[in-house]
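> A structural model of the following input is requested.
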Amino acid sequence: MKFDESYELLADMYADRSYPKKLTDKVKNHIKQTISALEQGQKDPAKVQKIFDKMTIAINRLEPEFEAAGSELETAARDCIATDVMYILDWFELDLDVEEALREREW
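Prediction:
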């Protein structure tokens, strides 16, 4: 199943000038890689969790870049990413809680 092409990922982060576009693009890329993996039809909860863990750890690794740019992955970014993850979970009809999906987050 293809993901909803009309859904705008990280819309609130792009609208907030405190998040550098280049770094927001990197977060978006990690989310898009997750979506691509899910489009293959994976439904096994353990494998789906691994896909989200990989994404979350990759986003964690961007924190120093955000800090160097005078920004950080804080409440607004956390909420934006979580909202997108909830949409993705619903779109693909995955039985996974958003907090569990993002269990590896450090932001």
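> from here on, contacts and neighbour counts on C-alpha atoms
Fine.
> pLDDT score assigned to the residue most central in space within the chain?
Centroid-nearest residue in the chain: residue 31, 4.4 Å away (criterion: C-alpha atoms, centre = their mean). Note for residue 31: predicted pLDDT of 98.
> and for residue 107?
88.
> hang on, isn't it packed against residue 60?
Yes: assessed by C-alpha atoms under 8 Å, residue 107 is found in contact with residue 60 at 7.0 Å.
> ok, back up a step: grab the nearest non-local neighbour of the residue nearest to the centre of the chain.
Spatially, and ignoring its direct neighbours in sequence, residue 31 is nearest to residue 55 (6.5 Å; C-alpha to C-alpha, 6 or more residues apart in numbering).
> mean confidence for the one helix or strand that neighbour maps to?
Assigned by DSSP states H and E, residue 55 belongs to helix 45-60. Mean per-residue pLDDT for helix 45-60: 97.
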